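Asks: show me how the following folds:
(4 chains)
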Protein chains: 2
Amino acid sequence: MTQPLDPAMFHECRDGVMPLQIGDKWTARIIRCLEDGPRRFSELRIPLRGITPKVLTESLRAMERDGFVRHTAYAEMPRRAEYELTALGRTLLEPMEACCEWSRRHLPAFLDARESWSGS
Amino acid sequence: MTQPLDPAMFHECRDGVMPLQIGDKWTARIIRCLEDGPRRFSELRIPLRGITPKVLTESLRAMERDGFVRHTAYAEMPRRAEYELTALGRTLLEPMEACCEWSRRHLPAFLDARESWSGS
DNA sequence: CAGAATCCACCGCGATACTG
DNA sequence: CAGTATCGCGGTGGATTCTG
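Replies: Down below sits the predicted model:
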């Protein structure tokens, strides 16, 4: 869940190395799911095929801690919970979009490289 | 070393999830070190403080396999090796720069969020 | 100098079961 | 429904030693 902010990474960000703390398996996906508005816990589990409730909880807690997500729990029965991106969380969509743009443009070349590698 | 390209990730890139395969600990740093031209093995080890020769080798091999780096070995004594970014490797600088720009702008807010979290 | 070979610690993530 | 509690595997990355 991208836990400790590597101190080296921190001072390196000045030098141009990206300390974007969303490099784990789920965080970026979760951000995408929250892009269009608040979602409930069980709503998130559907597009995030196969995610375990434990891992989803851990991820959301980490994102809360980092200021990317706001968590609202309603004391109803049955319970209800809502998660939504904060303003800071939304700013992550920019670099994510840059990465997606890279994929659209260069993923074929990337896959070709891997392909011809096995034949080496 | 960001080994298997998660097939899910692959088809998700259409949906906007970034499959940028440089999310491990060293790849982005190595790219930065190669940004200004070819570098030798031992030259890379200096700015990459603490990297083990084993890990550096593994990382460079993976980057070679993915088409990001070109490796040239000279049969001299003592040996010499040079690593340089390919054209494809250079294209990674764009999304990396977007991530760095995010850091410059939002890292303070990010750190504040973590700070006030411990007091919660 | 440029690695290769071993061994090992950590932890991210998954599987499963349980609860208010 | 929205989680928590255990358990455990696999893989990344570090430490150390050795070699042409």
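
Asks: where do the helices of chain A begin and end?
Replies: A:7-12, A:27-34, A:41-45, A:53-65, A:87-91, A:93-118 (DSSP state H).

Asks: what's the closest of those to DNA strand C?
Replies: Smallest distance to DNA strand C across the helices of chain A (Cβ to the nearest atom of the strand): 4.1 Å, for helix A:53-65. (Each C-beta comes from the backbone N, C-alpha and C, glycine too.)

Asks: what's the angle from the closest one to helix A:27-34?
Replies: 80 degrees (axes from the mean of the first three to the mean of the last three Cα atoms, to 10 degrees).

Asks: quick check: A:Phe110 vs DNA strand D, distance?
Replies: Between A:Phe110 and DNA strand D the computed distance is 17 Å (Cβ to the nearest atom of the strand, to the nearest Å).

Asks: among the helices of chain A, which is the most enclosed?
Replies: Mean neighbour counts were compared across the helices of chain A using mean count of other Cβ atoms under 10 Å in any protein chain shown; the top stretch is helix A:27-34, at a mean of 22.

Asks: wait, does it contact DNA strand C?
Replies: No - Helix A:27-34 lies out of reach of DNA strand C by Cβ under 7 Å from any atom of the strand, never closer than 7.9 Å.

Asks: packing partners for that helix?
Replies: helix A:41-45, helix A:53-65, strand A:80-85, helix A:93-118 (3 or more Cβ pairs under 8 Å, 6 or more residues apart in numbering or on different chains; DSSP states H and E).

Asks: would CSV of those with mean pLDDT be doable?
Replies: Listed next are these as CSV, based on pLDDT from 0 to 100:
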stretch, mean pLDDT
helix A:41-45, 96
helix A:53-65, 97
strand A:80-85, 98
helix A:93-118, 88
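
Asks: still on that earlier bit, ok, which of the helices of chain A comes nearest B:Arg29?
Replies: Comparison of these against B:Arg29 by Cβ to Cβ identifies helix A:7-12 as nearest, at 7.4 Å.

Asks: pLDDT on that closest one, on average?
Replies: For helix A:7-12, mean pLDDT rounds to 45.

Asks: nearest to B:Cys99, of the helices of chain A?
Replies: helix A:93-118 (4.6 Å).

Asks: report whether that closest one contacts chain B.
Replies: Yes - judged by Cβ under 8 Å from any Cβ of the partner chain, helix A:93-118 comes into contact with chain B at A:94-107, A:109-114, A:117.

Asks: chain A against DNA strand C: which residues are in contact?
Replies: A:1, A:3, A:24-26, A:50-55, A:59, A:78-79.

Asks: for the residues you listed, work out which two are farthest apart.
Replies: So, the residues of chain A next to DNA strand C by Cβ to Cβ: farthest apart are A:Gln3 and A:Pro78, at 31.5 Å.

Asks: looking at the two, which is more packed in?
Replies: The residue with more neighbours, out of A:Gln3 and A:Pro78, is A:Gln3; 10 against 4, by other Cβ atoms under 10 Å in any protein chain shown.
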